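Student: have a look at this fold, sequence not included:
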């Protein structure tokens, strides 16, 4: 069983599409299909159910995915130990970040990293910020830009990049929600709210409503801060997002900050990695580059390692 076949399997497991995975992995769809069939022959059972429209992982594939990730991670560690200490830093790193983090957090770090380590190939995966820590825990990526909780799992190492307030936001357009926000006191038990499906902000908002004995009138639960901003701007309700996200949003002029809104603990945004992955020289190089990248002078707790 070849390591490259495991990489091809993991990419197809993620995309569910032979054409898309083939393009990402520099291999034709037909060649990818043959490699997967050979892998299935070695495993002794089907890993994917195929028809003309879809590719669906089997129950065996879900178990095999964990094996593939663990095997590739272990191989990366072994290969790293075999490389002499004085050799150049190359290989690849996998990073997870939200779209906003790609605009605001990563550019300075990546620019410096690319200048120092041009031989390291970077795989950047974007998605819901609420999933960032879990992707690191699952070995889906090496590092992630994430909102950091007060206590992180013991096997993770984190460093704070910046701190950003959590803002309550409402629409500026004329609508029923805007009229409700003009009332004093604001009738929070009546105003529809757009919530994240999961994550740190969701837990803090839930706690705020619970502490006041209010049943939150949930209009929608969505994945990602960008979706909250979009729905709030359309007058669907109110929401809570990090200030950093609002500042980067093209819809920011269609939103108002609710000054009488919930006062929530700010976000600590930082880099997270499994401690054992820091033995990999390319991962360690990115980690140290992130630490060395200057933080804004007014960010008092920036670059604190937990």
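Tutor: That came through, no problem. None of these values were measured; they are calculated from a predicted model.
Student: would you confirm that residue 160 belongs to a strand?
Tutor: Yes - with DSSP: H, G, I helix; E, B strand; the rest coil as the criterion, residue 160 is part of a strand.
Student: pull the number of nearby residues for the residue lying closest to it once chain neighbours are set aside.
Tutor: Distance criterion Cβ to Cβ, 6 or more residues apart in numbering; nearest residue to residue 160, sequence neighbours excluded, is residue 270 at 4.3 Å. Where you see a C-beta, it was placed from the backbone N, CA and C, and this is true even at glycine. Residue 270: 24 surrounding residues under other Cβ atoms under 10 Å.
Student: then residue 212?
Tutor: So residue 212, with other Cβ under 10 Å, has 11 neighbours.
Student: that one contacts residue 185, correct?
Tutor: No - counting by Cβ atoms under 8 Å, residue 212 does not reach residue 185; the two are 11.3 Å apart.
Student: how's the protein carved up into domains?
Tutor: 1-82, 87-163+266-306, 166-257 (automatic domain parsing).
Student: check the offset of stretch 200-218 from the chain's centre.
Tutor: Taking Cα atoms, centre = their mean, to the nearest Å, the mean C-alpha location of stretch 200-218 is offset from the chain mean by 23 Å.
Student: what of stretch 67-78?
Tutor: Its chain's C-alpha centre and that of stretch 67-78 lie 21 Å apart, by Cα atoms, centre = their mean.
Student: can you pull the contacts of the nearest residue to residue 149 once chain neighbours are set aside?
Tutor: Closest residue to residue 149 in three dimensions, ignoring its sequence neighbours and counting by Cβ to Cβ, 6+ apart: residue 200, at 6.0 Å. Residue 200 sits next to 130, 147, 149, 267 when contact means Cβ atoms under 8 Å, 6 or more residues apart in numbering.
Student: check residue 244 too.
Tutor: Contacts of residue 244 (Cβ under 8 Å, 6+ apart): 100, 104, 162, 164, 267, 269.
Student: and the contacts of residue 200 as a markdown table, adding distance to residue 34?
Tutor: A markdown table is the format used below for these (distance: Cβ to Cβ, whole Å):
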| residue | distance to residue 34 |
| --- | --- |
| 130 | 38 |
| 147 | 42 |
| 149 | 45 |
| 267 | 46 |
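Student: give me the ChimeraX select line for those, limited to the buried ones.
Tutor: Command for ChimeraX that selects the buried part of those, burial taken from 16 or more other Cβ atoms under 10 Å:
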select :130,147,267
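Student: in CSV, list the contacts of residue 200 along with pLDDT and secondary structure.
Tutor: Formatted as CSV, the contacts of residue 200 follow (pLDDT from 0 to 100; DSSP: H, G, I helix; E, B strand; the rest coil):
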residue, pLDDT, secondary structure
130, 88, helix
147, 91, strand
149, 88, coil
267, 87, strand
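Student: nearest to residue 139, of the contacts of residue 200?
Tutor: residue 130 (18.4 Å; Cβ to Cβ).
Student: my guess is the closest one contacts residue 221, does it?
Tutor: No - contact criterion Cβ under 8 Å: residue 130 and residue 221 do not qualify, at 11.3 Å.
Student: got any residues that touch both of these two?
Tutor: With Cβ under 8 Å, 6+ apart as the test, residue 130 and residue 221 both reach 196, 197.
Student: which residues does residue 64 contact?
Tutor: 9, 43, 47.
Student: check residue 268 too.
Tutor: 147, 148, 160, 163, 301.
Student: and those, which are buried?
Tutor: Buried members of the contacts of residue 268, counted by 16+ other Cβ under 10 Å: 147, 148, 160, 163.
Student: quick one: the first one and residue 269 touch, right?
Tutor: It refers to residue 147. Yes - in this structure residue 147 lies within contact range of residue 269 using Cβ under 8 Å: 5.9 Å.
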